[in-house]
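**Q** with the input below, show me the fold.
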Amino acid sequence: MTAFVNSQPEFQVCGEAFDGRDGVDKALVLKPDLIILDFQMPRLNGIEAARALRESLPGVPIILLTAHKDSIFEANIADSGIRAVLSKVDGVGLLATELHRLLPDT
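**A** Numbers count the residues shown, from 1 in each chain. Now for the predicted structure:
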């Protein structure tokens, strides 16, 4: 996903993390305009990381990538601050759509 986001002229990746805890720590320092999290990460999964970020960066939209997208899964993220859930099989086209929807001024 990093290569795809960086290939879009209006977007730039400001950081990458190796697990959920590292993602939260880096986001708090880098203060990105948008955060993309993977559901399956060590130490904190994507939902846990989103909940931790919601407190400190409440206005930053979060996209969650997952292989488990279904209505029950989406109901469990209601209080996490996640603004979009994308299946990894949806590909990068849907990611581009969500990036533009969540960051309309880019």
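**Q** next helix or strand past the helix or strand of the chain with the lowest mean pLDDT?
**A** One helix or strand of the chain scores below all others by mean pLDDT, DSSP states H and E: helix 71-75, with a mean of 62. Downstream of helix 71-75, the next assigned helix or strand under DSSP states H and E is strand 82-87.
**Q** for the most centrally placed residue in the chain, which non-adjacent residue is spatially closest?
**A** The centre of the chain sits closest to residue 36, judged by CA atoms, centre = their mean, with a distance of 2.1 Å. Excluding its sequence neighbours, the residue lying closest to residue 36 (CB to CB, 6 or more residues apart in numbering) is residue 63, at 4.8 Å. In this view, the C-beta of every residue, glycine as well, is placed from N, C-alpha and C.
**Q** bridging residues for the one you found?
**A** residue 36, residue 84 (DSSP bridges).
**Q** and for it, the neighbour number?
**A** Residues contacting residue 63 under the criterion other CB atoms under 10 Å number 22.
**Q** distance of residue 20 relative to residue 96?
**A** 24 Å (CB to CB, to the nearest Å).
**Q** and residue 14, which of the three is it?
**A** Per DSSP: H, G, I helix; E, B strand; the rest coil, the secondary structure class of residue 14 is coil.
**Q** that'll do, ta.
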